[in-house]
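*Asks:* below are the sequence and a predicted model; questions follow.
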Amino acid sequence: MSYSFQFDAVKLPDECETLREEVRAFLRQEIEAGTFKPGGGGRHNSHSPAFSRKMGERGWIGMTWPKKYGGQERSQLERYVVNEELLAVGAPQGFHRTADRQSGPVLIRYGTEEVKQDVLPRICRGELSFCIGLSEPNSGSDLFAASCRASMADGGWHINGTKIWTSNAHRSHYMIGLFRTTSATKEDRRHGLTQFLVKMDTPGIRTRPIHSLTGRHDWNEVIFENAFVPDSHRVGEVDMAWKQATNELAYERSGPERFMETYDSLVELVRLAGDKPSERQADGIGREVAHLATLRRMSVSVAGMLQAGKVPSVEAAVVKDLGTNFEQALPNKVRLLAPATSAGDPSNRGDFDEVLAYTTLIAPKLTIQGGTREVLRGIIARGLGLR
């Protein structure tokens with residue numbers, strides 16, 4: 001079946017711009033109070049439970065969710081504006097981001113009522129941190145090759161196996177993991193996978209750190225050794241989680257974080273060049289800003305589709321693939337455009353060099369997180385009827 005991409009133009013309504021000013025005022029206040037240091041690609045500020053609780057107090061976590069679960073029933077576009085403003089200043093949203101972006105919506109759609117009543121309000125208050133258990137050592141990003149197994153037990157399931165590249169597993173309260181409950185068939189590799197909500201302090205779960213090139217500890221290997229999960233924490237149907245996991249990734253892949261992770265290098269270039277950049281610098285900066293604006297328009301369009309109740313998996317994959325190409329190439333383009341000396345304050349050069357070094361080091365990982373380039377292009381090709 002062929003597929004046509006749908007990126008409708010979306011105009012943010014007035015309430016979004018009102019909210020934007022409210023968020024900016026809050027962030028200015030937090031910066032002035034020394035809560036976090038702005039900029040720097042978020043390298044100083046990725047994880048702050050205290051900041052997440054302040055976000056929860058303002059109703060900015062789970063803001064699109066039903067009020068009976070602690071949400072505000074606001075629009076996906078309003079949520080987009082909040083996320084965009086946080087990213088623009090490098091605010092520390094790592095504690096709540098995964099729960100807000102994808103885990104909560106999955107639980108709302110597929111979780112038991114017991115779990116919804118217990119877990120969702122605590123996410124909205126900024127009290128819980130989540131991680132996602134997908135990749136495995138022997139299957140990478142091929143989710144359908146997952147072998148980490150959940151076996152039926154009295155009242156629940158025992159999990160055995162390993163997940164890898166699990167962001168923030170060492171400081172998360174819960175994981176939503178994809179586990180094999182039945183062997184796949186030759187006719188359907190997607191069959192036999194089930195999602196579970198796993199408490200990370202469950203006996204039988206260990207985490208091992210994986211350090212990145214920057215020296216940071218964000219990733220982990222997670223080992224399950226007969227870890228028990230009650231059946232009430234099963235998310236959705238047994239053996240049918242492939243569709244749930246695919247839909248979940250539409251939330252993960254389409255947001256502004258998928259093209260803004262090295263954004264600060266461009267901001268620092270503009271500061272370094274000053275108000276009288278060379279013709280070459282002005283041309284280069286203009287090209288990158290135009291590219292950024294195009295990606296933003298596509299991303300906002302996907303937010304509009306989510307607001308309309310659609311599941312734009314293919315469009316989200318396009319945004320992630322193009323966004324990764326942009327943010328991965330940006331640090332090197334910035335380096336080539338940078339003047340030899342700074343305009344104005346000489347300290348600008350030190351800030352620029354620090355940000356450029358950081359964004360250069362994190363660029364390689366961007367091809368992998370949220371789905372590898374090969375997986376994304378497979379999804380796009382299938383959507384176009386090419387495979």
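*Replies:* Alright, I've got the coordinates.
*Asks:* return the set of buried residues in stretch 126-134.
*Replies:* Across stretch 126-134, burial judged by 16 or more other C-beta atoms under 10 Å covers Gly126, Glu127, Leu128, Ser129, Phe130, Cys131, Ile132, Gly133, Leu134. The C-beta positions use only the backbone N, C-alpha and C, and glycine is treated the same way.
*Asks:* ranges for the strands of the protein?
*Replies:* Per DSSP state E, the chain carries strands over the ranges 130-133, 149-153, 156-163, 174-180, 193-199, 205-211, 217-230, 234-235.
*Asks:* can I get the ones you listed in JSON lines with mean pLDDT and distance to Asp14?
*Replies:* Converted to JSON lines, those look like this (pLDDT from 0 to 100; distance: least, C-beta to C-beta, whole Å):
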{"stretch": "strand 130-133", "mean pLDDT": "95", "distance to Asp14": "33"}
{"stretch": "strand 149-153", "mean pLDDT": "96", "distance to Asp14": "48"}
{"stretch": "strand 156-163", "mean pLDDT": "97", "distance to Asp14": "44"}
{"stretch": "strand 174-180", "mean pLDDT": "96", "distance to Asp14": "35"}
{"stretch": "strand 193-199", "mean pLDDT": "96", "distance to Asp14": "38"}
{"stretch": "strand 205-211", "mean pLDDT": "96", "distance to Asp14": "45"}
{"stretch": "strand 217-230", "mean pLDDT": "96", "distance to Asp14": "38"}
{"stretch": "strand 234-235", "mean pLDDT": "96", "distance to Asp14": "37"}
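*Asks:* what's the closest of those to Arg287?
*Replies:* Of all those, strand 217-230 sits nearest to Arg287, with 31.0 Å by C-beta to C-beta.
*Asks:* residues making contact with the closest one?
*Replies:* Among residues not part of strand 217-230, those counted as contacts by C-beta atoms under 8 Å, 6 or more residues apart in numbering are 46, 133, 137, 148, 150, 153, 155-170, 175, 196-198, 202-212.
*Asks:* could you rerun that using 6 Å?
*Replies:* 156-167, 169-170, 196, 198, 202, 204-211 (C-beta atoms under 6 Å, 6 or more residues apart in numbering).
*Asks:* show me which of these are buried.
*Replies:* 156-167, 169-170, 196, 198, 205, 207, 210.
*Asks:* okay, the strands of the chain in JSON lines with distance to Leu143 next?
*Replies:* What follows is the strands of the chain, written out as JSON lines (distance: least, C-beta to C-beta, whole Å):
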{"stretch": "strand 130-133", "distance to Leu143": "11"}
{"stretch": "strand 149-153", "distance to Leu143": "14"}
{"stretch": "strand 156-163", "distance to Leu143": "11"}
{"stretch": "strand 174-180", "distance to Leu143": "6"}
{"stretch": "strand 193-199", "distance to Leu143": "7"}
{"stretch": "strand 205-211", "distance to Leu143": "19"}
{"stretch": "strand 217-230", "distance to Leu143": "16"}
{"stretch": "strand 234-235", "distance to Leu143": "15"}
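*Asks:* ok, which of those strands comes nearest Pro13?
*Replies:* It's strand 130-133; of the strands of the chain, that one is closest to Pro13 (C-beta to C-beta) at 29.5 Å.
*Asks:* tell me what that closest one is packed against?
*Replies:* Strand 130-133 is packed against strand 174-180, with contacts defined by 3 or more C-beta pairs under 6 Å, 6 or more residues apart in numbering; DSSP states H and E.
*Asks:* does anything pack onto the strand it packs on? Which helices or strands?
*Replies:* Strand 174-180 packs on strand 130-133, strand 193-199, going by 3+ C-beta pairs under 6 Å, 6+ apart.
*Asks:* dump those strands to a markdown table, plus distance to Gln328.
*Replies:* A markdown table is the format used below for these (distance: least, C-beta to C-beta, whole Å):
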| stretch | distance to Gln328 |
| --- | --- |
| strand 130-133 | 21 |
| strand 193-199 | 30 |
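*Asks:* against His170, how distant is Gly385?
*Replies:* Separation of Gly385 from His170 (C-beta to C-beta, to the nearest Å): 42 Å.
*Asks:* quick one: closest of the strands of the chain to Glu315.
*Replies:* Nearest of the strands of the chain (C-beta to C-beta): strand 130-133, 20.8 Å.
*Asks:* Glu261 reaches Thr324, doesn't it?
*Replies:* No. Counting by C-beta atoms under 6 Å, Glu261 does not reach Thr324; the two are 9.0 Å apart.
*Asks:* helices of the stretch 251-387 of the chain, start to end?
*Replies:* Taking DSSP state H, counting those that start in this stretch, the helices of the stretch 251-387 of the chain run over residues 263-273, 279-307, 313-337, 347-362, 373-383.
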